[in-house]
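Chemist: let's see this in three dimensions:
(one chain, ligands or ions: 3)
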Amino acid sequence: MAILEPDLSVNFAGVHFPNPIGVGAIGEHWGHAGNIDQYVELNSEILLKHVKAGAGYIIMAGAYVTPETEKIIRERTRFLETPLRRRNGKVGHRMLKLETEAPYGVEGFLFVPAPFYLDAGFAKATERRNVLMMKALKEKKPKDVPIVINLGGLGDIAETWVDGAKFFESLGADMIEINLGCPLPTGLGNSVDEYFSGNFTPVCKGALIGDKEELVERIVRSVVQAVNIPVGVKLSPETGFPRIINIVKKARDAGAQFVQLFNAGVGIAPPDIYNGGKPSWEYMDGSPFCMASGSFLRVPCYKDVAAIARFVPGIQIAAAGGLVEPKHFIEAMMLGATMVQPCTGVIEQGRSLIRKGVKFMKDYMVEQGYSSMDQIIGLGQKYIKYNEDIDMMPGQTLIQIDHEKCIRCGRCVDNICQALYMERGKVMVHEERCAGCGGCILACQNGALKLGLRA
Ligand SMILES: Cc1cc2nc3c(=O)[nH]c(=O)nc-3n(C[C@H](O)[C@H](O)[C@H](O)COP(=O)(O)O)c2cc1C
Ligand code: SF4
Ligand code: SF4
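Modeler: Ligands and ions are numbered 1, 2, ... in the order given. Purely as a prediction, here's the structure:
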């Protein structure tokens, strides 16, 4: 029987979400707002437009410290008020598109923010800004759309994470996502030394802290004990397999109900080879380690999602990293994610990715006969096996050549295959040499090669 209206809702950490698609946290939307009121108007509008396009929830990035904590931090932190950070009242940030000629295409982009040391009066300013943002969002969003706070804290000072979580809970947040995955601190002075010495400056340290299991455990536990709303942690692709497994176990045991996999990675811009190795960044006289996001993150994302679903039972997963097509959403969910959070895809394609994503999910479920998300989440897990347990049908597969589609470009006979050859301009295969591996399919841009079974 045909299913007319599939149910896209998910239960995530005990909260009901109308659908699993949300735009990954973005700390600063681009452009400049003149004052706090304009900031609130412009930025809440951006988040509400995501919802209008079909997003099932709002993720708002926020940080908060009390005036008391700010005093302590001031004594330990270098404050930056130099023309390099701010000029004419404006802070600078910059993006660089990463693109390679066909058949590769857009790979993502790099992002450098202004150095984000605290401004004087940080506590007061963020308090007002966040109160107004939450008020605007709560007034204007549909009732059933939850607000997830992507929480920033300062270094390894657990109190700053706790203060932030309690503050946003008091403003009506539905969930806290502790951001221990931000790649940006790697571009700040002394970050590498701090990582190895464990002596962190109390500014945002993101991925550097999220890679240390004892700190993840301590910060998560402190926040979980302080609030009554669900808490999860967002990690970095830099941690990687298999270290991330243990870190997520620690987070789970400390009370995290979900893990977000993951934030953007760390990148460095390619040097300009026609300009003596200068940065390919325009209007920048240096090249910092920076944020790198987009398509190229999808493979590590799937791997971490699959690994956590497999090895860390008892914690839910939100997937992010290179999800740039609607079908990627379903793929990540089949590997074990309950939520999907495209970010760079929305920057590249606009909100059409959200619209297409929701439509695709509905159509796909009807077509495939699924009525609820629970039928999809983790469905592919049972096929994740150890190599030695998989039957790859050795000796039974053989490459098939479609001579109608072949344009005789010769790519497939000009690489590392021992079985293909050209005879009078025609691609041929030595059948006894063909391992049926499918490698040559990579070379063919015309769909002329595919695997089949030997006769
Ligand atoms: C411009 C930009 C700003 C971001 N800001 C934040 C942030 O404040 N907090 C956070 O946890 N993640 C932040 N992210 C990371 C994204 O939420 C997402 O996890 C990551 O980019 C991977 O997904 P993607 O490949 O779809 O972009 C940001 C990403 C971009 C591109
Ligand atoms: S399937 Fe593998 S061995 Fe056979 S022709 Fe293609 S690349 Fe060569
Ligand atoms: S790469 Fe494809 S199109 Fe080119 S010769 Fe090989 S089979 Fe033909």
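Chemist: for stretch 408-420, give me every contacting residue.
Modeler: 399, 421-422, 425-431, 433-435, 439-440, 443-446, 449 (CB atoms under 8 Å, 6 or more residues apart in numbering). Just so you know, the C-beta spots here come from the backbone N, C-alpha and C atoms, and that holds for glycine as well.
Chemist: can you flag the buried ones in the residues you listed?
Modeler: The neighbour-count test (16 or more other CB atoms under 10 Å) applied to the contacts of stretch 408-420 identifies 399, 427, 429, 434, 439-440, 443-444, 449 as buried.
Chemist: how close does residue 336 get to residue 187?
Modeler: 32 Å (CB to CB, to the nearest Å).
Chemist: out of the two, which sits in the busier spot?
Modeler: residue 336 (25 against 20; other CB atoms under 10 Å).
Chemist: ignoring the adjacent residues along the chain, who's closest to the more buried one?
Modeler: residue 309 (2.5 Å; CB to CB, 6 or more residues apart in numbering).
Chemist: and the pLDDT at the one you found?
Modeler: We note a pLDDT of 98 for residue 309 in this prediction.
Chemist: what kind of secondary structure is residue 99 in?
Modeler: For residue 99, the assignment made with DSSP: H, G, I helix; E, B strand; the rest coil gives strand.
Chemist: what's the helix or strand for the residue nearest to it when sequence neighbours are not counted?
Modeler: Nearest non-adjacent residue to residue 99, counting by CB to CB, 6+ apart: residue 106, 5.1 Å away. In this structure, residue 106 sits in strand 105-112 according to DSSP states H and E.
Chemist: do a quick rundown of the strands in the stretch 301-450 of the chain.
Modeler: Ranges of strands in the stretch 301-450 of the chain, per DSSP state E, counting those that start in this stretch, are 316-319, 339-340, 397-401, 420-423, 426-429, 449-453.
Chemist: could you measure residue 53 against residue 304, distance?
Modeler: In terms of CB to CB, residue 53 sits 27 Å off from residue 304.
Chemist: which of the two has more neighbours?
Modeler: Ranked by neighbour count (other CB under 10 Å), residue 53 and residue 304 place residue 304 first, with 30 against 19.
Chemist: surely that one and residue 265 touch.
Modeler: No - using CB atoms under 8 Å, residue 304 is not in contact with residue 265, being 11.6 Å away.
Chemist: quickly list what's touching both of these two.
Modeler: Common neighbours of residue 304 and residue 265 (CB under 8 Å, 6+ apart) are residue 237.
Chemist: which residues are in contact with stretch 368-385?
Modeler: 3, 6-10, 20, 306, 309-310, 330-331, 333-338, 364-365.
Chemist: what subset of these is also close to ligand 3?
Modeler: The subset of those within reach of ligand 3, by CB under 6 Å from any ligand atom, is empty.
Chemist: are any of those buried, and which?
Modeler: Judged by 16+ other CB under 10 Å, buried ones among the contacts of stretch 368-385: 6-10, 20, 306, 309, 330-331, 333-338, 364-365.
Chemist: quick one: residue 11 and residue 315, what's the gap?
Modeler: 14 Å.
Chemist: these two: which has the busier surroundings?
Modeler: residue 315 (19 against 12).
Chemist: which helix or strand contains the nearest residue to the more buried one once chain neighbours are set aside?
Modeler: Nearest residue to residue 315, sequence neighbours excluded (CB to CB, 6+ apart): residue 252, at 4.4 Å. Using DSSP H and E, residue 252 sits in helix 243-253.
Chemist: tell me the mean pLDDT for that helix?
Modeler: 98.
Chemist: and that helix, which residues are buried?
Modeler: 244, 247-252.
Chemist: same deal with stretch 286-294?
Modeler: 287-294.
Chemist: so how far is that stretch from its chain's centroid?
Modeler: 15 Å (CA atoms, centre = their mean, to the nearest Å).
Chemist: measure it end to end?
Modeler: For stretch 286-294, the first-to-last residue distance is 23 Å (CA to CA, to the nearest Å).
Chemist: contacts for that stretch, please.
Modeler: Here stretch 286-294 has contacts from 98, 106-113, 182-184, 186-187, 264-269, 271, 279-281, 321-322, 324, 343-345, 348, using CB under 8 Å, 6+ apart.
Chemist: how does it look with 7 Å?
Modeler: By CB atoms under 7 Å, 6 or more residues apart in numbering, the surrounding residues in contact with stretch 286-294 are 98, 107-112, 183-184, 186-187, 264-269, 279, 281, 322, 343-344.
Chemist: from these, which would you call buried?
Modeler: 98, 107-112, 183-184, 186-187, 264-267, 269, 279, 281, 322, 343-344.
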